[in-house]
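Asker: Quick one: sequence and predicted model below, then my questions.
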Amino acid sequence: MLTQEQLARYARNIVVDVIGQDGQQRLLHAKVLVVGAGGLGSPVCLYLAAAGIGTLGIADQDRVSLSNLQRQILYRTSDIGQGKTGCAAREIQALNPDVRVIPVDTPVNARNADDIIAPYDMVVSAVDNFSSRYALNDACVRAQKPLVEAGVSRFEGLLLTIKPFEGPCYRCLFPEEPPEGALPSPAQTGIIGAVAGVAGCLQALEVIKLATGVGSPLVGRILLFDGLETSFREIRIERNHACPSCGDQKKSPRW
Ligand SMILES: [Zn+2]
């Protein structure tokens, strides 16, 4: 049962007919891990907290720096030098005390990803490096948990929701992790903060849909966003049956 306070706090969610009180309960029971509390992770965390996602794991080992503030809207100038997960937890608690925040201060890699994602229903990849991106993909495929993936650079964004064995995973598209240094880093290419905001808001929306079971998630479709032209386009993609992560030889007997 929702309390009087919750009925008031989430009134605009509840009045949406496909959400209702039942959908709000699902949000409050959802356990979501957001990996990366930066330009993407900031709007993801804020919108999920505002919507009433009950448990929010936030994984990031960095400290807030001055150059983060142009896009990482979870943080204030006075946060410089402090750990990101602690600052994020404080902001989220101030926004919505219903949310239980679990800070994870270790970098996610291929060795620890299975353990880190284990307590959660679904994962948001808001990282800026390939080793974490591939580790999350492989761990979510093994655990058959949805993964909401996004990447941004300059004025462009890319989104894909991965439902393992139902649609393609990240390795279906890009089977092997590029060697370190093969691609320019975000610090070299730059990013407009509002572009990360658009992609992060779309990731939060995908989570809300997955948690409540409404709508059509971005499974089997890559969404490309061009901020300079303000245009969106979609590319349909299929599972790759030779995928090193979710290919036929890995197919789970449960599906
Ligand atoms: Zn795959």
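Answerer: The structure has been received and is ready for your questions. Numbering: from 1, shown residues only.
Asker: hey, let's count contacts and neighbours off CA atoms from now on
Answerer: Noted.
Asker: what about Leu178, neighbour count?
Answerer: To be clear, residue 178 is Pro; Leu isn't right here. By the criterion of other C-alpha atoms under 10 Å, Pro178 has 11 neighbours.
Asker: Settle this for me: it is touching Asn129, isn't it.
Answerer: No: the pair Pro178 / Asn129 is not scored as a contact, 10.3 Å apart, by C-alpha atoms under 8 Å.
Asker: How much space separates Arg171 from Val44?
Answerer: Applying C-alpha to C-alpha, to the nearest Å, the value for Arg171 to Val44 is 23 Å.
Asker: Which one of the two is surrounded by more residues?
Answerer: Per other C-alpha under 10 Å, whichever of Arg171 and Val44 has more neighbours is Val44, with 27 against 20.
Asker: where's the helix or strand containing the more buried one relative to the chain centroid, distance-wise?
Answerer: Element membership for Val44, per DSSP states H and E: helix 41-51. Computed by C-alpha atoms, centre = their mean, to the nearest Å, the separation of helix 41-51 from the middle of its chain amounts to 10 Å.
Asker: just stretch 72-83 next, same as before
Answerer: That offset, for stretch 72-83, works out to 20 Å (C-alpha atoms, centre = their mean).
Asker: Repeat that for stretch 109-124.
Answerer: Chain-centre distance of stretch 109-124: 12 Å, with C-alpha atoms, centre = their mean.
Asker: Can you tell me what sits against that stretch?
Answerer: The contact list for stretch 109-124, computed with C-alpha atoms under 8 Å, 6 or more residues apart in numbering, reads 30-35, 108, 131-132, 134-136, 139-140, 143, 145-149, 203, 207.
Asker: And for stretch 231-247?
Answerer: Taking C-alpha under 8 Å, 6+ apart as the rule, stretch 231-247 contacts 138, 141, 164-165, 167-169, 171-173, 175, 220-226, 248.
Asker: Can you flag which of the residues you listed belong to helices?
Answerer: Using DSSP state H, the members of those that fall within helices are Asp138, Val141, Arg171, Cys172, Leu173.
Asker: residues contacting the third one?
Answerer: Listed by C-alpha under 8 Å, 6+ apart, the contact set of Arg171 reads Tyr134, Asn137, Cys243, Pro244, Ser245, Cys246.
Asker: Helices - which of those land there?
Answerer: Using DSSP H, the members of the contacts of Arg171 that fall in helices are Tyr134, Asn137.
Asker: nearest to Gly190, of the contacts of Arg171?
Answerer: Tyr134 (22.1 Å; C-alpha to C-alpha).
Asker: For the most centrally placed residue in the chain, give its distance to Leu40.
Answerer: Taking C-alpha atoms, centre = their mean, the centroid of the chain lies closest to Val124, which sits 2.2 Å from it. In this view, Val124 and Leu40 are 10 Å apart by C-alpha to C-alpha.
Asker: Could you list the buried residues of stretch 68-82?
Answerer: Asn68, Leu69, Arg71, Gln72, Ile73, Leu74, Tyr75, Asp79, Ile80 (16 or more other C-alpha atoms under 10 Å).
Asker: can you count the residues close to Ala94?
Answerer: By other C-alpha under 10 Å, neighbour count at Ala94 equals 10.
Asker: right, I mislabeled it, should have said Leu7
Answerer: For Leu7, the count of nearby residues is 15 (other C-alpha under 10 Å).
Asker: that older thread, which one of the buried residues of stretch 68-82 is nearest to Ile92?
Answerer: Ranked by distance to Ile92 (C-alpha to C-alpha), the buried residues of stretch 68-82 are led by Leu74 at 8.6 Å.
Asker: sorry, back to before: can you confirm the residue nearest to the centre of the chain is in a strand?
Answerer: Yes: using DSSP: H, G, I helix; E, B strand; the rest coil, the secondary structure at Val124 is a strand.
Asker: just to revisit the earlier point, filter the contacts of stretch 109-124 down to the ones in helices?
Answerer: Ser131, Ser132, Tyr134, Ala135, Leu136, Ala139, Cys140, Ala143, Gln203, Val207.
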